[in-house]
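>>> Provided below are the primary sequence and the corresponding predicted coordinates.
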Amino acid sequence: MITGYKQLTGKYLKSSKKRTILTIIGIVLSVALIASIGLFIAGMQEAEIENIKSSIGSWHLQFSNADNNLISEVTNNPKVSRSGLFRVDYKEKLGNKLVVDEVTATDNALELMSYKVKQGRLPQNTKEAAVESFVLKQIDNNAKVGDKIKFNNKEYTLVGVLEDTVRSQIGNEGVLLTKTSNIDKNNSTMLVEISSKTNLGKAVEELKQLGKKGTVLENSYLLGFEGAGGGGSSFNGLYLAAAVIISIVLIATIAVIYNSFQISVVERIKQFGLLRAVGATPKQIRKLVLREATVLAVISIPIGLLLSIAVIYTIDIVFRIIGGNSVSVIKPVIPFKVMAISGVVGVAATYVSAFIPALFAGSISPLVAINSRTSITKEKIKRRNSKIVQKIFGFEGALASKNIKRNRKRYRITIFSIVISVALFVTFKSFLDMALNIKQNVNESRNIHFVVEPARKTGNSMQSIKTNLDDNIIQNIESIKSISQAYKVYDLNHFYAAIDKNSEIKAIQDMKTVYSKTTLNNNEKSLLNGGLEIYDTASLTAAKKYLHAGTLDVNRLNNENGVIIINKNHVYNNNTKKTYVGPIANIKVGDEIDLQYVDFSKPSVGFGKGAVKKAKVMAILNDDPFDFLSQDENQLKLITTEQVAKNLMGVSDVKPNSLNITIKDIKNENTVKTEIETAVKSNPSLNVIDMIDNNRNMKSGTLMVQILIYGFVVVVSLIGSVNIVNTLTTNIILRKREFAALKSIGLTQKGLRKMIVLEGIFYGIVGTIYGSITGTALSYLLFKSLRTAREFTWNIPWNAMGIAAICSIVIGYISVLSPLKRINKENLIEVIREDS
């Protein structure tokens with residue numbers, strides 16, 4: 001029994017279950033997406049912070065040569081949460097290459113350092129020690145956690161094995177870590193962590209003043225990502241991009257919810273009229289609609305927030321499954337602030353969406369509403385010549401093309417909704433492409449487990465001992481059954497590269513550091529540096545997945561003196577202080593490049609005065625298959641075979657100097673490493689570097705970003721689909737009497753079906769055109785936002801537009817099928833008499 005008009009809210013929502021569920025799905029998806037974007041940004045930031053802490057340390061400031069006064073001032077400062085001291089007590093050389101530092105630290109210093117325990121724990125006193133795995137083999141190859149080891153004529157209990165870092169292994173500098181609570185404060189180094197409750201930027205400046213000039217070191221990357229320095233400037237662009245995306249999602253959310261409420265109001269015009277006739281005021285009618293919004297918000301928003309959390313954890317599970325043992329786990333982050341803001345935004349969007357339908361419902365005239373004439377408006381009649389449409393689609397097609405614009409208001413609302421959906425998809429797809437472009441991709445180098453390379457000179461990790469791998473060592477390594485693949489790595493070879501003037505790229509021209517002018521055979525050319533990498537057959541096979549254009553065929557490369565271009569450089573712009581990401585030259589497959597080898601062992605020869613040889617571009621790659629062999633990417637990145645390289649360089653032989661190795665099962669890491677070390681034993685100048693931990697950490701962040709963004713595109717697609725379905729359903733429901741009249745004068749059910757389906761398709765086509773234009777504009781706006789972090793080229797999102805066009809037309813077709821069945825079931829005479 002109904003005792004008050006407010007109880008009608010629940011009755012209607014229960015009676016219109018399909019409409020209610022559709023509206024709830026729209027709100028849930030929208031809130032989930034908004035919350036997920038916030039969680040994604042927070043998670044990405046947290047992942048970067050954790051990555052910095054694991055590679056550099058958790059400290060914000062480091063004071064070298066600290067004295068008692070400085071230590072006292074810093075320790076007693078309320079803005080400091082933790083501080084600790086460490087000092088290097090002794091350096092000892094083990095074997096021919098390795099130097100080990102004995103580092104003594106206090107408890108807090110150990111926690112603030114970047115050392116990560118792989119097995120066991122950190123030391124708790126001066127009698128205990130933790131060492132890196134590769135160092136332990138030099139101290140005592142048979143030692144295990146709990147055993148006694150000797151170093152510097154002292155005996156320690158080995159309590160922990162630290163993760164090997166690539167930097168330590170390459171530089172041949174390891175560490176033995178021990179702990180003390182009574183460290184000699186004179187000439188020690190102090191690590192300081194600033195409290196999260198204070199203003200980080202101001203605290204850093206204040207504390208820096210306490211130390212002497214030149215003795216204070218900032219952890220600039222950590223400070224930047226925590227919002228107090230230039231190191232995190234890339235996040236400013238990301239936040240701006242996120243704001244743009246959330247704004248677009250918010251508009252789409254309002255459009256989805258508005259359509260749902262508008263449909264519910266239109267369907268109940270007669271009911272509202274009856275309520276008005278028996279005494280309900282316009283205010284009470286408005287309250288009914290807004291009450292429905294409240295009920296839907298109360299149900300939908302918590303579900304949406306929970307769904308966003310579920311999505312993040314699902315992505316985490318997918319991440320673990322896809323990555324397996326090759327990635328380190330990134331813990332999902334669920335900040336309360338993000339959830340609260342998302343909830344408030346969801347509530348606001350729901351009420352804003354319901355406000356106009358509520359006003360419309362409250363303004364309904366009782367008599368007109370009872371006759372259901374409110375939704376009927378006088379339409380402008382405009383003759384349209386649809387001969388082409390009629391010839392292609394028949395009479396029904398011509399009628400459909402005239403109908404869609406007959407009611408201008410209905411046409412604009414329908415097109416607007418489809419435009420929002422298409423623009424949302426195009427924008428997000430573009431964001432995906434741009435985000436993956438500026439984020440370092442997971443290439444084949446991230447899958448490498450071990451590297452065999454020449455040892456670096458102690459204390460200078462950039463200088464390696466000149467040596468080559470002989471065939472016997474390579475064969476010995478390749479014969480190890482546990483090894484999956486061994487890729488040969490050659491020295492990077494330097495060239496002058498001359499290209500056509502019209503191959504220059506505007507963004508690179510503006511830097512004025514890459515191109516220079518030259519003349520070859522009386523033709524003006526652009527000259528730039530070129531770096532030529534040599535790939536063996538296995539490396540070229542692995543590179544095929546990065547192919548953008550052309551073919552990767554060893555025989556064709558050899559026969560046609562061919563090279564491969566890597567079409568992605570990271571070039572630092574000294575003018576803008578940003579990094580440009582993109583191609584360094586506009587070169588196509590089939591183009592020829594003039595190359596002159598630069599031999600640094602001989603006196604310098606200008607371009608054109610040495611042997612200039614032509615190389616034909618056989619393929620273009622969209623990224624580096626393996627990490628480029630030089631940190632300087634202000635050069636044309638080229639790849640070729642050993643045979644072509646010898647021809648271009650004018651030498652008779654080239655030899656690999658290192659091997660990149662992948663193994664079949666990383667659980668056998670230690671066993672395989674021992675086997676590789678045995679295989680290279682004959683050449684003491686070679687090092688075996690364990691890359692597993694390093695690559696696991698590097699892969700994690702990139703892979704998480706990729707999975708998150710792809711997940712967002714799926715959710716955006718669902719929101720867009722719900723919006724189009726709602727809009728076209730409303731369009732058909734409002735015209736029941738019109739369709740009944742057409743059937744009464746002879747239009748068959750088949751003809752009516754064809755007409756309505758074509759209307760849905762025409763709406764999809766027109767909406768796609770305008771949506772693609774809008775989405776492209778928003779894509780460019782995102783591009784400008786992300787350029788605050790990195791410079792890169794923007795491309796019109798043709799792929800996204802193509803996908804959106806196909807999907808919107810298909811969804812437009814599917815959307816009209818359900819209401820069409822509903823109309824077909826209704827009595828023709830009753831529908832016509834309904835408004836009589």
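It's in. The structure displayed is predicted, hence computed values, not measured ones.
>>> could you break this structure into its assigned domains?
Following automatic domain parsing, one finds the domains of the chain at 5-45+235-440+698-833, 57-218, 446-692.
>>> from the chain's centre, how far out does the first one sit?
Taking CA atoms, centre = their mean, to the nearest Å, the mean C-alpha location of domain 5-45+235-440+698-833 is offset from the chain mean by 25 Å.
>>> sketch out the low-pLDDT regions of the stretch 451-600 of the chain for me.
456-467, 577 (pLDDT under 70).
>>> where do the strands sit along it?
483-489, 493-499, 516-520, 523-534, 547-550, 562-566, 569-573, 578-582, 592-597 (DSSP state E, counting those that start in this stretch).
>>> just the stretch 1-150 of the chain next, same as before
61-66, 80-94, 98-105, 117-120, 128-132, 148-151.
>>> mind checking which of the ones you listed is nearest residue 311?
Smallest distance to residue 311 across those (CB to CB): 32.1 Å, for strand 117-120. C-beta here means a position set from N, CA and C on the backbone, and glycine is covered the same way.
>>> contacts for the closest one next, please.
Strand 117-120 is contacted from outside by 130, 133, 145, 158-163, 693, using CB atoms under 8 Å, 6 or more residues apart in numbering.
>>> so what strands line up beside that strand?
strand 154-162 (antiparallel) (DSSP bridges).
>>> restrict the strand it pairs with to CA atoms and write it as PDB.
The C-alpha trace of strand 154-162 is given here as PDB (Å, rounded to 0.1, in the frame of the first residue of the first chain):
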ATOM      1  CA  LYS A 154      87.900  -9.800  10.200                       C
ATOM      2  CA  GLU A 155      85.400 -12.500  10.700                       C
ATOM      3  CA  TYR A 156      81.700 -11.800  10.000                       C
ATOM      4  CA  THR A 157      78.500 -13.900  10.200                       C
ATOM      5  CA  LEU A 158      76.900 -13.700   6.800                       C
ATOM      6  CA  VAL A 159      73.200 -12.800   7.500                       C
ATOM      7  CA  GLY A 160      72.100 -11.500   4.100                       C
ATOM      8  CA  VAL A 161      72.800 -11.700   0.400                       C
ATOM      9  CA  LEU A 162      72.100  -8.400  -1.400                       C
END
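>>> buried ones in the helix or strand that that strand is followed by?
Going down the chain from strand 154-162, the next helix or strand is helix 166-171, by DSSP states H and E. Neighbour-count burial for helix 166-171, counted by 16 or more other CB atoms under 10 Å, picks out 166, 168-171.
>>> for stretch 687-696, give the mean pLDDT please.
Across stretch 687-696, the average pLDDT comes to 79.
>>> which outside residues touch it?
97, 118, 133-134, 163-166, 169-170, 172, 325-328, 445-456, 666, 669, 673, 676-677, 680.
>>> which of those residues are buried?
The buried subset of those (16+ other CB under 10 Å) comprises 97, 133-134, 163-166, 169-170, 172, 326-328, 445-456, 669, 673, 676, 680.
>>> list the ones among these that fall in helices.
Among those, the ones falling in helices (DSSP state H) are 133-134, 166, 169-170, 669, 673, 676.
>>> now do the helices in the stretch 501-650 of the chain.
Taking DSSP state H, counting those that start in this stretch, the helices of the stretch 501-650 of the chain run over residues 506-509, 537-543, 554-559, 642-649.
>>> the first one: which residues count as buried?
By neighbour count on 16+ other CB under 10 Å, the buried set for helix 506-509 is 507-508.
>>> show me what it packs onto, helices and strands only.
Other helices and strands packing on helix 506-509, by 3 or more CB pairs under 8 Å, 6 or more residues apart in numbering; DSSP states H and E, are strand 578-582.
>>> so which of the buried residues of helix 166-171 comes closest to residue 251?
residue 166 (46.6 Å).
>>> contacting residues around the closest one?
Per CB under 8 Å, 6+ apart, neighbours of residue 166: 689, 691, 694.
>>> in TSV: the residues you listed, plus distance to residue 224.
Listed next are these as TSV, based on distance: CB to CB, whole Å:
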residue	distance to residue 224
689	29
691	27
694	22
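>>> narrow those residues to those in helices?
residue 694.
>>> tell me how far residue 610 lies from residue 490.
21 Å (CB to CB, to the nearest Å).
>>> try residue 526
27 Å.
>>> ditto for residue 506
34 Å.
>>> same check on residue 478?
The value you get for residue 478 to residue 490, if CB to CB is used, is 17 Å.
>>> cool, and residue 613?
18 Å.
>>> do residue 415 as well
On the measure of CB to CB, residue 415 and residue 490 end up 58 Å apart.
>>> what's the local residue count around the closest residue to residue 716 other than its chain neighbours?
Nearest non-adjacent residue to residue 716, counting by CB to CB, 6 or more residues apart in numbering: residue 428, 4.5 Å away. Other residues lying near residue 428 total 28 when counted by other CB atoms under 10 Å.
>>> so which elements touch the helix or strand hosting residue 428?
According to DSSP H and E, residue 428 maps onto helix 408-438. Counting contacts by 3+ CB pairs under 8 Å, 6+ apart, helix 408-438 is packed against helix 233-267, strand 578-582, helix 692-733, helix 749-786, strand 790-792, helix 798-815.
>>> quick one, it and helix 749-786 angle?
Orientation check (axes from the mean of the first three to the mean of the last three CA atoms, to 10 degrees): helix 408-438 against helix 749-786 gives 40 degrees.
>>> list the buried residues of helix 408-438.
Neighbour counts over helix 408-438 (16+ other CB under 10 Å) mark 410-411, 413-415, 417-432, 434-438 as buried.
>>> for stretch 656-667, same thing?
So for stretch 656-667, counting by 16+ other CB under 10 Å, buried means 656-663.
>>> same deal with stretch 632-646?
Buried residues in stretch 632-646, counted by 16+ other CB under 10 Å: 633-642, 644-645.
>>> and the end-to-end length of that stretch?
23 Å (CA to CA, to the nearest Å).
>>> likewise for stretch 596-611?
So stretch 596-611: terminal residues 6 Å apart, CA to CA.
>>> so residue 161 touches residue 131, yeah?
Yes - here residue 161 reaches residue 131: they are 6.9 Å apart, a contact under CB atoms under 8 Å.
>>> more neighbours, these two?
The residue with more neighbours, out of residue 161 and residue 131, is residue 131; 29 against 19, by other CB under 10 Å.
>>> the more buried one contacts residue 157, correct?
No - in this structure, residue 131 is not within contact of residue 157 by CB under 8 Å, at 11.7 Å.
>>> give the contact list for residue 650.
597, 611.
>>> if I look at it, how far off is residue 530?
15 Å.
>>> related to what we said a few turns ago, and the residue nearest to residue 716, how close does it get to residue 501?
As judged by CB to CB, residue 428 and residue 501 stand 38 Å apart.
>>> please apply the same query to residue 751.
Distance from residue 751 to residue 501, by CB to CB: 62 Å.
>>> neighbour count for those two, which is higher?
Neighbours per residue, other CB under 10 Å: of residue 751 and residue 501, the larger number sits with residue 751, 16 against 11.
>>> who touches the spatially closest residue to that one that is not a sequence neighbour in this structure?
Sequence neighbours aside, residue 396 is the residue nearest to residue 751 in space, at 5.2 Å (criterion: CB to CB, 6+ apart). Residue 396 is in contact with 751-752, 754-755, 758, counting by CB under 8 Å, 6+ apart.
>>> at 7 Å instead, please
The neighbourhood of residue 396, defined by CB atoms under 7 Å, 6 or more residues apart in numbering, consists of 751, 754-755, 758.
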